[in-house]
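Asks: What shape does this take:
(one chain, ligands or ions: 1)
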Amino acid sequence: MRVDVVTIFPEYLAPLDLSLIGKARASGTLQLAVHDLRRWTHDVHRTVDDTPYGGGPGMVMRPEPWGQALDELAGPQTHLIVPSPAGAPFTQATARALAAEDHLLFACGRYEGIDQRVFDHAAARMRVSEISLGDYVLFGGEVAVLVVLEAITRLLPGVLGNADSLVDESHADGLLEAPMYTKPPSWRGLDVPEILRSGDHGRIARWRREQALQRTAERRPDLIAALEERSRGTDQGA
Ligand code: SAM
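Replies: Numbering: from 1, shown residues only. Have a look, this model is predicted:
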């Protein structure tokens, strides 16, 4: 997968050299390039922002450098991803869909965001998706790119040592994962549930499923409601 990130703070993306993302880059599974938006400015101050039309506090990113950056970096397969608190909530389902793309181009906003015309113009040439990390406001899109790219990269074939990790984890089937334990069997007076040491894989699988359902019902009833909604839809469709 090819990924381009445009930002005024390329250093913010330095962690993308570390750990499994760094390995995915080194192996060529993830072809990632980070670009400084100021490369597409032409004045002595390398200006990327200006005051908002209509008034109000803060600054807005000007369309010209963004337009030139997209002209240079976008191709026929490009999906432009715009981190924004006004975007669609980012979920594991979004990560799965994006992991199947050939080319993602991330546009990191700063200040009060990017001039809307950049996206209106881009939408005539490529797919554009605004994605939100959650209902809060960050300084800029860079942290959102780190999160989204990490979630996508671990889904790319060959990145995780054991692909089964992707099958049982939280949000894979709409539930939260059951609690996990490792050695020692007893620690500070707390024992690992006996069933996990029984060696009976059928019972263990059933226990984990029950725990996953119970945890999800307690912590995220909205996920249970979504599962029920989906299964009603499947029944009606059948
Ligand atoms: N004025 C914007 C608004 O009220 O919707 C907020 C701009 S925010 C200060 C600057 C940039 O941070 C945004 O353009 C976006 O790239 C990023 N950002 C902030 N919150 C975000 C969130 N919850 N999810 C994704 N990106 C976010």
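Asks: Now do the lowest-mean-pLDDT helix or strand in the chain: which elements does it pack against?
Replies: For the chain, counting by mean pLDDT, DSSP states H and E, helix 165-168 ranks last in confidence among helices and strands (a mean of 87). Helices and strands in packing contact with helix 165-168 are not found; criterion 3 or more C-beta pairs under 8 Å, 6 or more residues apart in numbering; DSSP states H and E. Just so you know, the C-beta spots here come from the backbone N, C-alpha and C atoms, and that holds for glycine as well.
Asks: which one is residue 127 nearest to, not counting chain neighbours?
Replies: Nearest residue to residue 127 in three dimensions, chain neighbours excluded: residue 79, at 4.6 Å (C-beta to C-beta, 6 or more residues apart in numbering).
Asks: Could you pull out the buried residues of the helix or strand encompassing residue 68?
Replies: Here residue 68, judged by DSSP states H and E, is contained in helix 63-73. Neighbour counts over helix 63-73 (16 or more other C-beta atoms under 10 Å) mark 63, 65-67, 69-70, 73 as buried.
Asks: so which of those comes closest to residue 228?
Replies: Residue 228 lies nearest to residue 70 out of the buried residues of helix 63-73, by C-beta to C-beta, at 41.7 Å.
Asks: neighbouring strands for the longest strand along the chain, and are they parallel or not?
Replies: Counting by DSSP state E, the longest strand found in the chain is strand 78-89. Strand 78-89 sits in its sheet next to strand 103-107 (parallel), strand 127-132 (parallel), going by DSSP bridges.
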